[in-house]
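Student: Structure for this input, please:
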Amino acid sequence: MAEIVLYHNPRCSTSRQALELLRERGVEPRVVEYLKTGWDRATLERLARGAGGATALLRAKEPGAADLKGATDAALIAAMMADPILVERPVAESDRGVRVGRPPERVLEIL
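Tutor: Numbers count the residues shown, from 1 in each chain. The predicted structure is shown next:
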C-alpha cells in the first residue's frame, strides 16, 4: 500500500475520526499538523489540483473565507499560506489522489 499523508488538525473531531479510520484499517499515515508547520505554495498547488481546485480546499466556515468568494486559485492559495486555518481539514493524499475528509470516510477512497 502506498504512503498516505494526512494533513491534520488534532483539535478537529472530523480530522481525528479520519485518522482513526485509517488506523483501524492498518494504515499509519504520515501526519502533518499544518497549523504548526504552515503551508508552502507547491504543496497547496498540488493538493488543489488533486482536489479539483483551491476552492475545494477552502474551509468556508472560517470568518476570512467569505472575503475570498470568487477569488482565483492563486489568491486562495496565497490566503491559505498566510492563514493556514483557511484550509479545510483533514486533507489526505496518496498516489491514488487527494481527498478532503468531509465526511471522514472520504479519506478511505484513496487507499
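
Student: going forward, measure contacts between C-alpha atoms and count neighbours the same way
Tutor: Fine.

Student: tell me the centre residue of this structure?
Tutor: residue 91 (2.6 Å; Cα atoms, centre = their mean).

Student: so who does that one touch?
Tutor: Residue 91 is in contact with 6, 7, 8, 98, 99, 100, 101, 107, counting by Cα atoms under 8 Å, 6 or more residues apart in numbering.

Student: other SSEs contacting the one helix or strand the fifth one maps to?
Tutor: Taking DSSP states H and E as the definition, residue 99 sits inside strand 97-100. Applying 3 or more Cα pairs under 8 Å, 6 or more residues apart in numbering; DSSP states H and E, one finds that strand 97-100 contacts helix 41-51, strand 91-94.

Student: any idea which of those is most buried?
Tutor: Per residue and on average, the most neighbours among the helices and strands packed on strand 97-100 fall to strand 91-94, with a mean of 24 (mean count of other Cα atoms under 10 Å).

Student: So what are the sheet partners of it and their directions?
Tutor: Here strand 91-94 is paired, per DSSP bridges, with strand 5-7 (antiparallel), strand 97-100 (antiparallel).

Student: Show me where this protein dips below the pLDDT cut-off.
Tutor: Under the criterion pLDDT under 70, the flagged ranges of the chain are 1.

Student: swap the cut-off to 90 and go again
Tutor: Applying pLDDT under 90 to the chain picks out residues 1-2, 64.

Student: where do the helices sit along it?
Tutor: 13-24, 34-37, 41-51, 73-82 (DSSP state H).

Student: Quick one: closest of those to residue 2.
Tutor: Put simply, out of the helices of the chain the one that sits nearest residue 2 is helix 13-24, at 12.7 Å, with distance taken as Cα to Cα.
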